[in-house]
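A.B. asks: A structural model of the following input is requested.
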Amino acid sequence: MKSLRTFILGSAAGLVIAGGAQAADLPVKAKPIEYMKICTGYGAGFFYIPGTDTCIKFGGYVRADVGFNTGGAHGQPAWSGDSGQQNRFRDYFIDRSRMLLSVDTRTQTEYGVVRTFGSAKFQFNSFNTSNPAALGAAPASPSAGSPGGLNGSLLSTAGGGYVAIYDLFIQFAGFTFGKSASAYATPWQGNPGGNLSSFLIGGHASDNSGPNNIQYMMEFGDGVSASIGLDEPTVWDRTAVYNLGIPGAIGANGTGASAYAGTRAPDVVGNIKVDQAWGLFQLSGAAHEVSGSYNTLGASAAPTNLSEISGHPETKWGGAVMAALQIKNLPTGKGDDIKLDVSYAKGASKYIIATDSTSPNFALFSGSGFGYQSVGFGATADGLYMPGLGGTNGIILTQAWGIRGAFNHNWDAYWTTSLYGGYAQIRYDGGTNDNINGLGTTTAKGAYCAAFAASHPGQAAAGNTVGNYTCNPDYNASQLGVVTKWSPVRNLTFSAEVQWFHLDQKMSGSSIFTATAPKPNALYEFKDQDSVHLQLRAQRNF
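C.D. replies: As a prediction, this is how the structure comes out:
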């Protein structure tokens, strides 16, 4: 009996152990796998970030450019620096390789869609390798350059290149916070013709990006909207303020150092827009503060120990207005359109002489019938002042106006051509040669020409009223270009662009002066100037 009981208990224990072993061998239920889900509400390319209700999209492009007779591979005309001088330091061609990456996220909330967007470019550029300090857009070091300029010390080195930001912003309940297109800007900004050049003047431009800003947009339905914003002006909206009382106020190339005070107020900007099937119409406005630092400054507008006690000019407000028009679906072809914008500015020249970098000053040289060479100057400024008795009694704001536009034609599904152009004027207050015999310096022209005479004494044979030249800092600038694009497959495009630039400067006669090296001290004839460049591009979007 005892043996039977032992057998039964042992058998039961064995069954328990065996059952436990079999249970341990059974497969454990796996956690559900979260597969990628497509977002259907925001367009192609969006998908849900796993485990969240946020949709995300990655995009960008890879691009290769080469420019011939340009000031940069991004299509800057040869209008200043080594390329403007056409000297032996200039690069006959300039090439660039770039990748842009963008990240777009969107989340539906009880307040509407919350969106974030960021894009950055990775670039290697042969820009002006021989003499990077010679061009204003290519400072030799980070501290030596002006805002928005390329950093020559990071370019064209083995393993080098640089990274730059286009957009970084948050959108929520009609508000936009961060770096984005200004509320003043048109949708096409500086590219009405899909032009390769980022240097089409005649209106507002910020390279399809923009300044740090805060803005609010109201939509009224049927394509009608209004926006208002505050833009940080230091990089995108300011040019220069000249203090013509400092030593060497106007240099050999007709320009001076900026005596702007620090940023004191944002630009107040806004627009009213109608965007419908027939086209687009937009009215924009901007208020811009112009302020000088001090009355007494040293060379290159540097402060001295007398600056603070010398006082400063009274701050003034200027601004700009713009009207823009787009006519879509022209009878010339499917998708053909015309884009046009007209602008006027006072004390806000960057809204007219605008590029994706700082506003350019022009200095072009070419042949002459009697001088060493001919030269054309164009100084871009928001205003100028000459302190002291007989001076300008404060800042005198410059005036500017411009027009810019394009006709865009689609030959078929693979070929497109755009004809585009821009025209701009800069005007300084007063009359030609207001500074005769030291008089008339109360006008902008008078003060400028008094400073110009100090560095351009006019030592040649008898000529015009002042020395042997007529002083007038006004100028007109024109651009005309054509770009043709071929897209053999989707999102792959090959482009070729030719652009002509013309500087209609208002100086006349000639002068002996020392131009920027390597130019010699010689007789130069003041004359209108021209430049033509070619740009080629291959781009793959993704």
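A.B. asks: low-confidence ranges in the stretch 201-350 of the chain?
C.D. replies: Along the stretch 201-350 of the chain, segments meeting pLDDT under 70 span 206-208.
A.B. asks: which residues in it form helices?
C.D. replies: 233-236 (DSSP state H, counting those that start in this stretch).
A.B. asks: For it, just list every one of the strands.
C.D. replies: 212-221, 224-231, 241-243, 267-276, 279-290, 316-327, 337-346 (DSSP state E, counting those that start in this stretch).
A.B. asks: List the neighbouring strands of the first one plus their orientation.
C.D. replies: Each strand that strand 212-221 pairs with, and the sense of that pairing, follows from DSSP bridges: strand 175-179 (antiparallel), strand 224-231 (antiparallel).
A.B. asks: now the strands of the stretch 201-350 of the chain as TSV including mean neighbour count and distance to residue 521?
C.D. replies: For the C-beta atoms, the positions are set from N, CA and C on the backbone; glycine is no exception. As requested, these are exported to TSV (neighbours: other C-beta atoms under 10 Å; distance: least, C-beta to C-beta, whole Å):
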stretch	mean neighbour count	distance to residue 521
strand 212-221	15	44
strand 224-231	19	43
strand 241-243	28	24
strand 267-276	19	42
strand 279-290	20	35
strand 316-327	20	38
strand 337-346	21	37
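A.B. asks: Just send these back as JSON lines, with distance to residue 414 too.
C.D. replies: JSON lines is the format used below for the strands of the stretch 201-350 of the chain (distance: least, C-beta to C-beta, whole Å):
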{"stretch": "strand 212-221", "distance to residue 414": "36"}
{"stretch": "strand 224-231", "distance to residue 414": "34"}
{"stretch": "strand 241-243", "distance to residue 414": "50"}
{"stretch": "strand 267-276", "distance to residue 414": "28"}
{"stretch": "strand 279-290", "distance to residue 414": "25"}
{"stretch": "strand 316-327", "distance to residue 414": "24"}
{"stretch": "strand 337-346", "distance to residue 414": "18"}
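A.B. asks: Out of the ones you listed, which gets nearest to residue 389?
C.D. replies: Among the strands of the stretch 201-350 of the chain, strand 241-243 comes nearest to residue 389, with 15.7 Å by C-beta to C-beta.
A.B. asks: what sits up against that closest one?
C.D. replies: Residues from elsewhere that reach strand 241-243 (C-beta atoms under 8 Å, 6 or more residues apart in numbering): 249-250, 256-260, 290-295, 297, 301, 379, 381-387, 395, 448, 451.
A.B. asks: Over to stretch 334-341?
C.D. replies: 186, 188, 192-193, 203-204, 279, 322-330, 403-410.
A.B. asks: tell me which residues in stretch 446-457 are buried?
C.D. replies: Neighbour-count burial for stretch 446-457 flags 446, 447, 448, 449, 450, 451, 452, 453, 455, 456 (criterion: 16 or more other C-beta atoms under 10 Å).
A.B. asks: Just the buried ones from the contacts of strand 241-243?
C.D. replies: Members of the contacts of strand 241-243 classed as buried by 16+ other C-beta under 10 Å are 249-250, 256-260, 290-295, 297, 301, 379, 381-387, 395, 448, 451.
A.B. asks: Tell me the confidence at residue 130?
C.D. replies: At residue 130, the model reports a pLDDT of 38.
A.B. asks: Redo the strands paired with strand 212-221 as TSV? Include distance to residue 469.
C.D. replies: As requested, the strands paired with strand 212-221 are exported to TSV (distance: least, C-beta to C-beta, whole Å):
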stretch	distance to residue 469
strand 175-179	44
strand 224-231	39
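A.B. asks: what about the strands in the stretch 1-150 of the chain?
C.D. replies: Secondary structure of the stretch 1-150 of the chain (DSSP E, counting those that start in this stretch): strands at 47-48, 54-68, 70-72, 76-77, 93-109, 112-125.
A.B. asks: Show me what the fourth one pairs with in its sheet, parallel or antiparallel.
C.D. replies: When sheet partners are counted by DSSP bridges, strand 76-77 sits next to strand 70-72 (antiparallel).
A.B. asks: Spatially central residue in this protein, please.
C.D. replies: Closest residue to the average C-alpha location of the chain: residue 356 at 1.6 Å, with C-alpha atoms, centre = their mean.
A.B. asks: Test my guess that that residue contacts residue 190.
C.D. replies: Yes: counting by C-beta atoms under 8 Å, residue 356 touches residue 190, with 7.0 Å between them.
A.B. asks: For the buried ones among the contacts of stretch 334-341, write the corresponding PyMOL selection.
C.D. replies: When burial is assessed using 16+ other C-beta under 10 Å, the buried subset of these is captured in PyMOL by this command:
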select buried, resi 186+188+192+193+203+204+279+322+324+326+403+404+405+406+407+408+409+410
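A.B. asks: For residue 486, give me phi and psi.
C.D. replies: When read as degrees, to the nearest 10, the backbone of residue 486 gives phi -120, psi 130.
A.B. asks: quick one, strands of the stretch 401-542 of the chain?
C.D. replies: Using DSSP E, counting those that start in this stretch, strands in the stretch 401-542 of the chain cover 415-427, 469-470, 475-489, 492-505, 508-514, 521-526, 529-541.
A.B. asks: so what secondary structure elements neighbour the shortest one?
C.D. replies: Looking back up the chat, that one is strand 469-470. Strand 469-470 sits against strand 508-514, with contacts defined as 3 or more C-beta pairs under 8 Å, 6 or more residues apart in numbering; DSSP states H and E.
A.B. asks: In terms of secondary structure, what does the strand it packs on contact?
C.D. replies: strand 469-470, strand 521-526.
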